[in-house]
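**Q** Sharing a model prediction with you, sequence too.
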Amino acid sequence: MELLELQNVSFSYRDKQILNDLNLFIKNGEFVTILGPSGSGKSTIFQLIGGLQSPHTGSIILEGNDITGNRGHISYMPQTPSLLPWRTIIQNVVLGQELKAKKNYKTADEMLQKAGLMEYRNAFPHELSGGMKQRVAFSRALLSPQPIICLDEPFSALDELTRHEMQLWLLSIWEQYKKTIIFVTHNIEESLFLSDRILVLSDKPARIKQEVIVPFSRPRNEELMFSEEFLRHKKMIHDFLKEKVGQE
Amino acid sequence: MIKKLQKGWRPIFVLLLLFIGWEFTARITEIPTWLLPTPSQIFNELINGWSSVSVHLTSTIKLIFLGFVSGVTVGLLTAFILHNIPFLKESLYPLLILSQNIPIIVLAPLLVIWFGFGLLPKLIVITLVCFFPITISAMDGFRQVAPDLFHYMQMAGATKRQLFWKLELPFALPSIFSGLKISATYSVMGAVISEWLGSENGIGVYMTLSSSSFRTDRVFVAIFLIMLLSLLFFIVINWLERFIIRWKAEEKNRGAS
Ligand SMILES: Nc1ncnc2c1ncn2[C@@H]1O[C@H](COP(=O)(O)OP(=O)(O)O)[C@@H](O)[C@H]1O
Ligand SMILES: [Mg+2]
């Protein structure tokens, strides 16, 4: 059964059409990436799912319920860590739970342990490096009670090496928790390395122009990125992105 | 820490120089005491008259405290209401600014006519002079919440109430403290002025009595006590700020080192 479904969703800012008749579905436990160029409307999709904006037509279904325009049904991790500076790390990690359910310090401590952040439990966010802050932000999203996590280009502000480390880290944590993830990025390698399925977005107005099932088995490691199979897929997706649709 | 102490001594040193210069000039030119007393005479008067001055002083400190608490309460409540009800903000904000243009000296006698000589008119005066900086600083703080934090909280499903208590209020605290510091010094002035309305005790009363009997030395005692009170109050708020906003203090230290 589909966990999340977007049916015929259209959206525009004033007279600028951003999404046109977008359809997509996410299955339980899947890691799906939405890949598209900057400005193609990826963050807008999240704002619709998050209920910050309402689609002009179409509906958003989560676990069989229509959640169109309602907030609080997803957990979220933005591009900036967005940790509250006056809260310690542990207090930040439980924030997602606190907003929708009850705080649970036991699971939060376990999470910090796995994330390798236990020694920073009672530190303030400004004492952490960029990569560590993003790990805290992901831990917060993972512990939130909602069934699906939306990650909006979470690593794009990090340097190349840290980004790599973070991708490996994300996979290792995700493989333990197996929570459903929608990941947004404009980086082809990132999408291939992380996800089960890639939805390639067309530009203005955005539609899903191609779906790619990623064939690589898990657990994945760095070697994968240099395999022939990986590079072939990268080239293929690159071509999908470049190719103009709309002239069909 | 040592650096801080060294810096702290500088203004005190300047002050000492000033007093010494004053003392010598007054003695050499033989200015009469009722025109300008020397610092040593003022100091003597403070010590000798302490038993009566201290009564006035405690009365004023109580009044400052009550007035400040009332001003802070009114200031924060106003900010809270205006921030959460945009309609009220649009219609009342300009009036708030007008309230600061009321000349207190003119208003004060009216308050006595309306409310008598009790505590109430005095509290109104102090509240009127010290709620405004708090309201403005709190509203600015609420409004300037970092957009990415706001966006995260909304996406995570925070309710309006959670947004206020978990994000806007803590975010505004440093700004609110700036307002508190200004109000703290205002409240001392407000208390002295309100005592002119008519009161049995208080530095304001002591001051008017002294000046009408040409006891200039006592007027100066009052002036210095008022300055000292303002300074002490400011220091207390500053200390409270450091205690409450620890995450900021540490940020600053890191930046400096
Ligand atoms: N608040 C807004 N008002 C008007 N246009 C907007 C607004 N937010 C985003 N847009 C436009 O919508 C398009 C999609 O934005 P966005 O979803 O942020 O893209 P992406 O996340 O894929 O980079 C962009 O062209 C952007 O200029
Ligand atoms: Mg975006």
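**A** It's in. Ligands and ions are numbered 1, 2, ... in the order given.
**Q** alpha carbons only for contacts and neighbour counts from here, please
**A** Fine.
**Q** need the residues of chain A near chain B, please.
**A** For chain A, the contact set with chain B under Cα under 8 Å from any Cα of the partner chain comprises A:47, A:50-52, A:71-78, A:80, A:82-86, A:96, A:99-100, A:124, A:126.
**Q** mind listing which of those are in strands?
**A** Judged by DSSP state E, strands contain the following of the residues of chain A next to chain B: A:75-77.
**Q** mind showing which ranges of the stretch 101-250 of chain B have poor pLDDT?
**A** Applying pLDDT under 70 to the stretch 101-250 of chain B flags residues B:249-250.
**Q** Just the closest residue of it to chain A, please.
**A** B:G157 (3.4 Å; Cα to the nearest Cα).
**Q** Not counting residues beside it along the chain, what's closest to that residue?
**A** Leaving aside its chain neighbours, B:G157 sits nearest to A:G72 (3.4 Å; criterion: Cα to Cα, 6 or more residues apart in numbering or on different chains).
**Q** among the ones in strands among the residues of chain A next to chain B, who's most crowded?
**A** A:Y76 (29 neighbours; other Cα atoms under 10 Å in any protein chain shown).
**Q** Count the residues that sit near the residue lying closest to B:I104 once chain neighbours are set aside.
**A** Using Cα to Cα, 6+ apart and skipping the chain neighbours, the partner closest in space to B:I104 is B:V125 (7.2 Å). Neighbourhood size, B:V125 [other Cα under 10 Å]: 23.
**Q** what are the phi and psi angles of B:V125?
**A** phi -60, psi -50 (degrees, to the nearest 10).
**Q** Equivalent analysis for A:I74, please.
**A** phi -130, psi 160.
**Q** Identify the residues contacting it.
**A** A:49-50, A:146-150, B:155-157 (Cα atoms under 8 Å, 6 or more residues apart in numbering or on different chains).
**Q** For residue 24, what is the enclosing helix or strand?
**A** Using chain A here. According to DSSP states H and E, A:L24 maps onto strand A:16-27.
**Q** my bad, the chain I had in mind was chain B
**A** B:F24 belongs to helix B:2-29, assigned by DSSP H and E.
**Q** What is that helix packed up against?
**A** With contacts defined as 3 or more Cα pairs under 8 Å, 6 or more residues apart in numbering or on different chains; DSSP states H and E, the packing partners of helix B:2-29 are helix B:39-48.
**Q** got the buried residues for the longest helix seen in chain B?
**A** Longest helix of chain B, by residue count under DSSP state H: helix B:50-84. Neighbour-count burial for helix B:50-84 flags B:53, B:56-57, B:60-61, B:63-80, B:82-83 (criterion: 16 or more other Cα atoms under 10 Å in any protein chain shown).
**Q** Contacts for the strand holding A:L24, please.
**A** Residues contacting strand A:16-27 (Cα under 8 Å, 6+ apart): A:1-12, A:32, A:40-41, A:58, A:180, A:204-208.
**Q** could you give me the average pLDDT of the longest helix of chain B?
**A** Helix B:50-84 carries an average pLDDT of 95.
**Q** Return the angle between stretch directions for it and helix B:39-48.
**A** 90 degrees (axes from the mean of the first three to the mean of the last three Cα atoms, to 10 degrees).
**Q** For the strand holding A:L24, buried residues please.
**A** So, applying 16+ other Cα under 10 Å, buried residues of strand A:16-27: A:18-23, A:25-26.
**Q** quick one: which of the residues you listed is nearest B:A191?
**A** Set against B:A191, the nearest of the buried residues of strand A:16-27 by Cα to Cα is A:I18 (60.3 Å).
**Q** Could you report the distance from that closest one to A:S227?
**A** Distance of A:I18 to A:S227, given as Cα to Cα, to the nearest Å: 36 Å.
**Q** again, but for B:W9
**A** 69 Å.
**Q** Could you do B:D217 as well?
**A** 91 Å.
**Q** So the two - more neighbours on which side?
**A** Counted by other Cα under 10 Å, B:D217 and A:S227 do not tie: B:D217 has more neighbours, with 25 against 10.
**Q** for the more buried one, what are its contacts?
**A** Residues counted as contacts of B:D217 (Cα under 8 Å, 6+ apart) are B:33-34, B:36-37, B:41-42, B:45.
**Q** Considering these, which is situated nearest to chain A?
**A** B:I42 (47.5 Å).
**Q** Pretty sure the closest one sits against B:F220.
**A** Yes: if you go by Cα atoms under 8 Å, B:I42 and B:F220 touch, sitting 6.6 Å apart.
**Q** any low-confidence regions in chain A?
**A** Using pLDDT under 70, the flagged stretches of chain A are A:244-248.
**Q** distance of A:L168 from A:P219?
**A** A:L168 is 10 Å from A:P219, by Cα to Cα.
**Q** When the two are compared, which one has more neighbours?
**A** Under the neighbour definition other Cα under 10 Å, A:L168 and A:P219 were set side by side, and A:L168 has more, 18 against 9.
**Q** Any idea how many residues pack against the residue nearest to the more buried one when sequence neighbours are not counted?
**A** In this structure, A:L168 finds its nearest non-sequential neighbour in A:N221, 7.3 Å apart by Cα to Cα, 6+ apart. Neighbour count of A:N221, defined by other Cα under 10 Å: 12.
**Q** In contact with residue 234: list those residues for me.
**A** Since you didn't name a chain, this refers to chain A. A:188-189, A:192.
**Q** that's the wrong chain, I meant chain B
**A** B:181, B:184-185.
**Q** now swap in A:S75 and tell me
**A** A:96, A:141-142, A:144-150, B:155-156.
**Q** who's it bridged to?
**A** Note on A:S75: beta-bridge partners by DSSP bridges are A:I149.
**Q** How much space separates it from A:I90?
**A** For A:S75, the distance to A:I90 equals 17 Å [Cα to Cα].
**Q** got the residue ranges for the helices in chain A?
**A** Under DSSP H, chain A gives helices at A:42-49, A:89-93, A:95-100, A:105-115, A:130-143, A:160-177, A:188-194, A:228-242.
**Q** what about the fifth one, distance to the chain center?
**A** Here the centre of mass of C-alpha atoms in helix A:130-143, compared against the chain's by Cα atoms, centre = their mean, to the nearest Å, lies 12 Å away.
**Q** Same check on the last one?
**A** Relative to its chain's centre, helix A:228-242 lies at 21 Å (Cα atoms, centre = their mean).
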